[in-house]
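Colleague: Quick one, structure for this:
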Amino acid sequence: MPEIKWQIDVGHIITIVALIIAGAVAWGAMSTKLDQYSGTLVEVKTELGAMRGQLDAVRTEQIKTSTELRVRQEEDDRLREKRDK
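Modeller: Sure thing, here's the model as predicted:
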């Protein structure tokens with residue numbers, strides 16, 4: 001059976017250091033991307049909130065308009081009934 005030498009040489013140290021550096025760079029890149037995505041998410045949520053406000057204003061205006069139209073139609077119907085009598 002071959003004998004294994006359990007010693008650390010320069011190649012092992014360079015490999016370990018390279019792995020540590022690669023891991024640190026990958027970690028930094030991912031955390032930067034996550035920060036960018038978080039910022040974008042905040043912007044999107046803010047824009048969505050503004051759109052919801054506009055949508056609520058449009059709904060309110062639509063309800064007012066439909067109510068006014070209904071009232072006018074009822075008044076017109078009453079006036080026609082009075083004329084027809």
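
Colleague: And for Gly28, the neighbour number?
Modeller: 10 (other CB atoms under 10 Å). For glycine as for every other residue, the C-beta is placed from the backbone atoms N, C-alpha and C.

Colleague: Tell me the spacing between it and Arg78.
Modeller: Counting by CB to CB, to the nearest Å, the gap from Gly28 to Arg78 is 75 Å.

Colleague: Spell out the residue ranges of the helices in this structure.
Modeller: Applying DSSP state H to the chain gives helices spanning 10-84.

Colleague: hmm, who's touching stretch 59-76?
Modeller: Stretch 59-76 is contacted by no other residue when judged by CB atoms under 8 Å, 6 or more residues apart in numbering.

Colleague: got the buried residues for it?
Modeller: By 16 or more other CB atoms under 10 Å, stretch 59-76 has no buried positions at all.

Colleague: pLDDT of that stretch, averaged?
Modeller: In this model, stretch 59-76 carries a mean pLDDT of 95.

Colleague: what number of residues lie near Gly39?
Modeller: 10.

Colleague: Quick one, grab the pLDDT at it.
Modeller: pLDDT, Gly39: 94.

Colleague: With the one 5 residues further on instead?
Modeller: Among the per-residue scores, Val44 holds a pLDDT of 96.

Colleague: wait, what's in contact with it?
Modeller: So Val44 contacts nothing (CB under 8 Å, 6+ apart).

Colleague: And it, how far from Leu55?
Modeller: Taking CB to CB, one finds Val44 at 16 Å from Leu55.

Colleague: Likewise for Lys5?
Modeller: Taking CB to CB, one finds Lys5 at 73 Å from Leu55.

Colleague: Going by how many neighbours each has, rank the two and give me the top one.
Modeller: The residue with more neighbours, out of Lys5 and Leu55, is Leu55; 10 against 5, by other CB under 10 Å.
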